[in-house]
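Participant: generate coordinates for the sequence data below:
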Amino acid sequence: MSRTASPTAQDFIPFATAALDFHHALNIPGGPLVTTRAELDALHAHLVSLHGLLDAHAARTGRLAPIEGDQLRAARTRIWQAAEHVHAAYHAAPRPGSGEVPDLEGCQAGLPEGAPELTICQRHQRTAHLVRRRTTPADLYAPFTGLIRR
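Facilitator: Numbers count the residues shown, from 1 in each chain. Modelled structure (predicted):
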């Protein structure tokens, strides 16, 4: 059983990386000084997608190479932590138009701000459910998530 993908499989990760680099080069230097809620939502979607990819790799790899699987699980946990911070930043960002800053408690209580703002909360809650099933609270809040096996 091979540990690598088939040579005919298309690898889209370099394209995603290039797109992020392109976005950064074009939009950050001349863009607004404050990150918009739309960009935070897009970054959150990207992190959640990356979390899912790392989760799949960790599950498959962990069976064949436990040390590598541990490292991938640690990376998955750190990506989830980043997604949580971006989600919190979204709720701390001013609303377009009114400039009002909503509170995070509305999302946690299941009463988010409504469409289209609801999508980030739905995505976050869906992924949080999976995180709670696959990760212990100690893993999520430990200062160091990488296990060391030798």
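Participant: I'd like the next helix or strand past the least confident helix or strand in the chain by mean pLDDT.
Facilitator: Lowest by mean pLDDT, DSSP states H and E among the helices and strands of the chain is helix 105-108, with a mean of 59. Per DSSP states H and E, helix 105-108 leads on to helix 118-134 as the next helix or strand towards the C-terminus.
Participant: any buried residues in that following helix, and which?
Facilitator: Ile120, Cys121, Arg123, His124, Thr127, Val131 (16 or more other CB atoms under 10 Å). Yep, even glycine has a C-beta here, placed from its N, CA and C like the rest.
Participant: and the gap between Ala59 and Thr35?
Facilitator: Between Ala59 and Thr35 the distance, using CB to CB, to the nearest Å, works out to 33 Å.
Participant: just Val48 next, same as before
Facilitator: For Val48 relative to Thr35 (CB to CB), the value is 17 Å.
Participant: quick one, strands of this structure?
Facilitator: Counting by DSSP state E, the chain forms no strands at all.
Participant: find the centremost residue of the chain, please.
Facilitator: Leu47 (2.5 Å; CA atoms, centre = their mean).
Participant: now it: how far from Arg78?
Facilitator: For Leu47, the distance to Arg78 - CB to CB - is 10 Å.
Participant: and Gln81, how many residues sit next to it?
Facilitator: By the criterion of other CB atoms under 10 Å, Gln81 has 16 neighbours.
Participant: spatially nearest residue to it, not counting backbone neighbours?
Facilitator: Leu140 (7.2 Å; CB to CB, 6 or more residues apart in numbering).
Participant: correct me, but that neighbour touches Val131?
Facilitator: Yes. The criterion here is CB atoms under 8 Å, and Leu140 meets it with Val131 at 7.3 Å.
Participant: which neighbours do these two share?
Facilitator: By CB atoms under 8 Å, 6 or more residues apart in numbering, Leu140 and Val131 have these common neighbours: Trp80.
Participant: so where is the protein shaky, pLDDT-wise?
Facilitator: 1-10, 31, 102-118, 144-150 (pLDDT under 70).
Participant: okay, helices next: where are they in it?
Facilitator: For the chain, applying DSSP state H gives helices covering 13-27, 37-64, 66-92, 105-108, 118-134, 137-141.
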